[in-house]
Each structure stands twice: as structure tokens, then as C-alpha cells.
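> Predicted model and sequence follow; I will ask about them next.
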Amino acid sequence: KAVWDILGLYEINPKAFTDGQLDIPESGNGIPDIIDEAKYGIDIWKRSQDKDGGVSGRIETTQHPGIKQMPEFEKLNFSRSIPTRQCTMYYAASAAMFARIVRQFDRKMSDEYCASAVAAYKWASDPKNSRENTELEIMLKDEKTKQEQKTKLIYKGKDERLCFAGLHAAVNLYLVTGDAAFLKDAEEKYAKDSIRYFKSWPNYLIVQWELFEYAWLDLKGANEELRKQAMNELVVFADQELEPQNKSPYRNFWFDGKSRSWGAGVPSTWAKYAIFAYYLTKDEKYKASALQNLDFQMGCNPLGMVQTSGIGKVFPCEIQDMESRADKIDEPVPGITTYGIVDVPYFVRLNVYSMEIFSVEKEKESHRIYFLPEGFKVDKPEIPMWRQIGPHSSLNPECNEFTVHETMGQTVLMLGAFLGEGW
């Protein structure tokens with residue numbers, strides 16, 4: 001998802017991004033740095049690709065890092081997951097999108113990633129590669145003998161829906177290869193289901209670029225009626241945000257039924273639809289909507305807090321990031337957007353907004369003092385909505401954790417969508 005946000009940002013606003021802007025190792029290679037960053041995000045999955053085309057969907061170890069240390073000193077062993085049809089199709093979409101966009105700068109690199117995307121697409125399209133009943137042989141330690149022995153397990157994975165990533169991959173492969181079979185797949189296998197299921201939770205928070213590209217890109221020979229439907233889905237969604245946004249005193253969008261979840265409370269998550277609608281229609285009201293969400297995320301809120309570390313004077317300072325804790329610098333690593341103003345759970349109110357004071361004379365006697373105004377001791381009345389943030393990363397992870405795909409990719413998109421040339 002973050003890769004799509006970065007590549008898509010370049011595509012909708014290419015004049016704003018050039019080679020050499022970021023001072024990264026790839027700078028000077030003739031490719032805009034923002035595209036190099038997207039490649040970095042794709043490459044770890046490209047390295048996981050099997051010879052038959054399957055691609056892993058996750059990389060994990062057995063535990064959280066045990067001590068405060070910089071990532072290059074991590075000793076834990078990491079493993080990759082077995083490929084599934086869904087994660088392989090997501091990779092196919094990412095590699096195909098990259099191959100199409102980088103083609104104007106490096107034809108050889110484009111061909112390499114296109115070939116990888118085609119292999120992944122074919123593997124993911126084959127029902128024979130379903131993981132619904134897969135036999136695995138792994139080494140497990142016997143609890144009695146403490147010896148490792150080969151053990152057979154049956155992995156009963158569920159084949160997840162392929163329509164969203166399938167449409168995304170097929171559209172990009174059609175454009176990069178010119179093979180009309182991919183456009184046929186896009187429209188006969190994936191487009192209708194993508195339009196149908198887009199509004200279902202949580203699809204509309206995860207998959208949007210395939211509908212935008214299908215509606216926005218120049219697709220010769222495509223079904224124009226289907227393309228209009230895809231466009232309409234995105235524009236209608238943006239329109240549904242405008243009314244509650246305009247009623248908010250801070251002009252940010254908030255969907256109380258869905259926004260109180262990890263990633264869904266960040267204004268840039270919802271601003272994405274206004275950005276899509278603007279580039280599809282060029283209606284200035286959508287640009288204004290996106291920029292008002294940007295204002296809120298950049299500090300125009302009751303706390304005066306920017307939701308990204310290192311920007312302004314007030315930003316999240318106690319976040320769930322091992323590098324920030326280990327680098328011996330008081331402030332966190334700059335550029336991290338946290339989940340933000342979402343909630344203040346009971347244990348934060350109990351252990352952060354108050355303190356238990358023990359008696360000096362009687363060991364078991366104590367009383368609690370509160371740092372909140374009278375009446376806000378623990379639960380009722382509620383702390384005002386836009387002040388609901390817990391400042392402690394362990395006690396309140398839903399405010400102080402982050403992920404690249406849930407908080408940061410769309411923030412980059414929101415910040416860059418309307419930048420001018422030469423900024």
C-alpha cells in the first residue's frame with residue numbers, strides 16, 4: 001500500500017519530484033528519488049520470489065527485539081512466509097506499477113520488474129496454488145525429550161479475494177506490455193468485483209489505487225462504462241466525507257464508527273479520497289478538503305500537535321520505535337507518523353494522568369492524586385474528543401505505534417499531492 005502511495009504520488013504530480021532531492025545512495029542514477037524509494041520497498045519481496053513465481057507476504061521472527069539496540073545489531077533469525085495467491089498478486093500489482101512508471105527512465109530495469117510481475121501474476125491466477133489445504137514439514141522441539149524432530153502440519157489457509165490486486169496488476173501489465181489479454185482479465189475477472197466490494201469494511205481503507213488507475217489512466221480499448229463506475233465509486237466516497245468534514249469545527253474528517261482503529265484516525269487516510277476525486281474531476285472542493293485534513297494533521301487541532309515526529313515544536317515524543325529508544329538521542333527519529341489522536345484507555349488515565357501515593361507511616365495505605373481537572377478522574381465525564389491521546393507508548397499503543405502502510409504512505413501522498421515544481 002505504501003509503495004502504491006509513493007508511485008501514485010509521482011504519477012499524479014511528476015513535476016514536483018526529481019533525481020537528487022533526497023540525498024540517498026541512489027541519487028544521481030537518473031531516476032527520481034521517490035521512485036527509488038518505492039523500489040526499495042518492493043525489493044525485499046522480489047528477493048522472496050520463488051522460481052515458480054510465488055511471493056511471500058510477510059517476514060517475521062519469534063519475538064519482539066529483546067534489548068534496546070539499533071537494527072543492524074539484531075541477532076534474531078527472520079523467516080519468510082510461504083507464498084499465497086493473494087500476497088503474490090499484491091506483489092504482481094506493485095512490481096507491474098513500478099515497471100510501468102520507471103520505464104521512461106530505465107528500460108532494462110523496467111523489463112526486469114515486468115518479467116517478475118508477470119511470473120507472480122501467472123502464479124497467483126492459478127487455482128492450483130491455493131493454500132486451503134497445504135502440507136508442511138517443519139522442525140519442532142519435543143516438550144518431553146527437548147529434541148527437535150520433523151513434524152508434519154496441515155496449513156488450512158483461506159484463499160482471499162484476488163479482485164483488487166488482480167485489477168491493479170492486470171491494468172499495469174496491459175500498459176507496460178501492450179498485451180490485450182491483461183486488459184481482458186482486468187475487465188472480465190476483476191473490475192466488477194472490485195467495484196462491488198470496494199465499499200465493504202475494511203477494503204476502502206486498503207485498496208483504492210486499482211480503481212483510481214482503472215478510471216484515470218489512458219486505457220485504449222477499455223470498457224468506458226465500467227471505468228465510469230470505478231470513477232463514480234471514488235468520487236461518491238469523497239462526497240460522503242465532505243458533509244461531516246464541513247460540520248467539524250476543525251474541518252477534519254472523522255467517521256466515529258470506523259476512525260477509532262489503528263491507522264483509520266490519521267486524517268491522511270481519509271484525505272486520499274479527496275485527492276483521488278480532485279485528480280479525476282479537477283473540482284477545487286476536493287483539493288480544499290484534502291488540505292484541510294492536512295492542516296489538522298499538521299497541528300491545527302486542540303492540542304496544537306503535529307502527528308509526525310520532528311515537525312514543529314509539539315509532536316509525538318514517546319513512540320513504539322526501537323531505533324528511537326536506542327540511538328541515544330532524546331527525540332524520536334523524525335518523519336514517523338503515529339496513529340495519533342484516537343483514544344485514552346482506562347490504564348493511561350489510571351497510571352499516567354494520575355499517581356498512587358503510598359503512606360510513609362503505613363506501608364499498605366495509599367491515596368491517588370489526579371492531574372486532570374476535577375470531574376475527569378477516570379471515566380466520566382469523557383475527556384473532550386480531540387484531546388483523547390495517551391502519551392505513553394506501552395500503555396497506549398493505539399496512539400503511539402505506527403506502520404509504514406497505515407500511517408506514513410498516505411501522509412507522504414497528502415503532503416506531496418499539491419506541491420509545486422521546484423519546491
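Ah, there it is. Here the structure is a predicted model, which is why all the values come from computation and not from measurement. Numbering: from 1, shown residues only.

> got a list of what Leu395 touches?
By CB atoms under 8 Å, 6 or more residues apart in numbering, Leu395 lies in contact with Pro345, Phe347, Val348, Asn351, Val352. Every C-beta, even on glycine, is put in place using the N, C-alpha and C of the backbone.

> Any buried residues in stretch 234-253, and which?
Burial within stretch 234-253, assessed by neighbour count using 16 or more other CB atoms under 10 Å, is assigned to Leu234, Val235, Phe237, Ala238, Glu241, Leu242, Gln245, Arg251, Asn252, Phe253.

> The last one should be in a helix, yeah?
The reference is to Phe253. No. Applying DSSP: H, G, I helix; E, B strand; the rest coil, one finds Phe253 to be coil, outside a helix.

> Using the three-state scheme, assign the residue lying farthest from the centre of the chain.
For the chain, the largest distance from the centre (CA atoms, centre = their mean) belongs to Glu361, which lies 53.5 Å off. Secondary structure of Glu361, reduced to three states by three-state DSSP: coil.

> Is it possible to mark the buried ones in the contacts of Leu395?
If we count by 16+ other CB under 10 Å, the contacts of Leu395 have these buried: Pro345, Val348, Val352.

> Which member of the residues you listed is positioned nearest Ala230?
Nearest to Ala230 out of the buried ones among the contacts of Leu395 is Pro345 (CB to CB; 39.3 Å).

> What ranges does the stretch 101-250 of the chain have for its strands?
Ranges of strands in the stretch 101-250 of the chain, per DSSP state E, counting those that start in this stretch, are 134-141, 148-155.

> Reformat those into TSV and put distance to Ser289, mean neighbour count and mean pLDDT next to each item.
Converted to TSV, the strands of the stretch 101-250 of the chain look like this (distance: least, CB to CB, whole Å; neighbours: other CB atoms under 10 Å; pLDDT from 0 to 100):
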stretch	distance to Ser289	mean neighbour count	mean pLDDT
strand 134-141	45	10	83
strand 148-155	44	10	85
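
> between these, which gets nearest to Ala186?
Using CB to CB, the nearest of these to Ala186 is strand 134-141, at 28.5 Å.

> Going by neighbour count, which residues of stretch 339-355 are buried?
Buried residues in stretch 339-355, defined by neighbour count with 16+ other CB under 10 Å: 339-345, 348-350, 352-354.

> Revised request: answer the last question for stretch 81-91.
Neighbour counts over stretch 81-91 (16+ other CB under 10 Å) mark Pro83, Thr84, Arg85, Gln86, Cys87, Thr88, Met89, Tyr90, Tyr91 as buried.

> Which of the residues you listed sits closest to Leu9?
For those, the closest approach to Leu9 (CB to CB) belongs to Tyr90, at 18.7 Å.

> And for that closest one, nearest residue in space, chain neighbours not counted?
Spatially, and ignoring its direct neighbours in sequence, Tyr90 is nearest to Ala165 (4.6 Å; CB to CB, 6 or more residues apart in numbering).

> in terms of contact, does that neighbour touch Ala95 like I think?
No. Contact criterion CB atoms under 8 Å: Ala165 and Ala95 do not qualify, at 11.4 Å.

> Could you check which of these two has the larger neighbour count?
Ala95 (32 against 26; other CB atoms under 10 Å).

> quick one: contacts for that one?
By CB under 8 Å, 6+ apart, the contact set of Ala95 is Ile42, Lys46, Tyr113, Cys114, Ser116, Ala117, Ala120.

> isn't the fifth one right up against Lys46?
Yes. Shown here, Ser116 and Lys46 form a contact pair, counting by CB under 8 Å, at 5.9 Å.

> The two: who's more crowded?
Comparing Ser116 with Lys46 by other CB under 10 Å, the one with more neighbours is Ser116, at 22 against 18.

> just to revisit the earlier point, now distance to Thr308 too, for the strands of the stretch 101-250 of the chain, in TSV please.
What follows is those, written out as TSV (distance: least, CB to CB, whole Å):
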stretch	distance to Thr308
strand 134-141	41
strand 148-155	39
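
> bridging residues for Glu356?
Residues in a beta bridge with Glu356, per DSSP bridges, are Arg368.

> What about it, how many residues nearby?
Neighbours of Glu356 under the rule other CB under 10 Å: 10.

> quick one: the helices in the stretch 201-350 of the chain?
Using DSSP state H, counting those that start in this stretch, the helices of the stretch 201-350 of the chain run over 203-206, 209-216, 224-247, 267-281, 284-297, 322-326, 346-351.

> picking that back up, can you put the buried residues of stretch 339-355 in a markdown table and add pLDDT and distance to Arg368?
Formatted as a markdown table, those follow (pLDDT from 0 to 100; distance: CB to CB, whole Å):
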| residue | pLDDT | distance to Arg368 |
| --- | --- | --- |
| Tyr339 | 89 | 28 |
| Gly340 | 85 | 28 |
| Ile341 | 80 | 26 |
| Val342 | 77 | 25 |
| Asp343 | 75 | 22 |
| Val344 | 73 | 17 |
| Pro345 | 72 | 17 |
| Val348 | 77 | 14 |
| Arg349 | 75 | 11 |
| Leu350 | 76 | 8 |
| Val352 | 76 | 13 |
| Tyr353 | 78 | 11 |
| Ser354 | 80 | 5 |
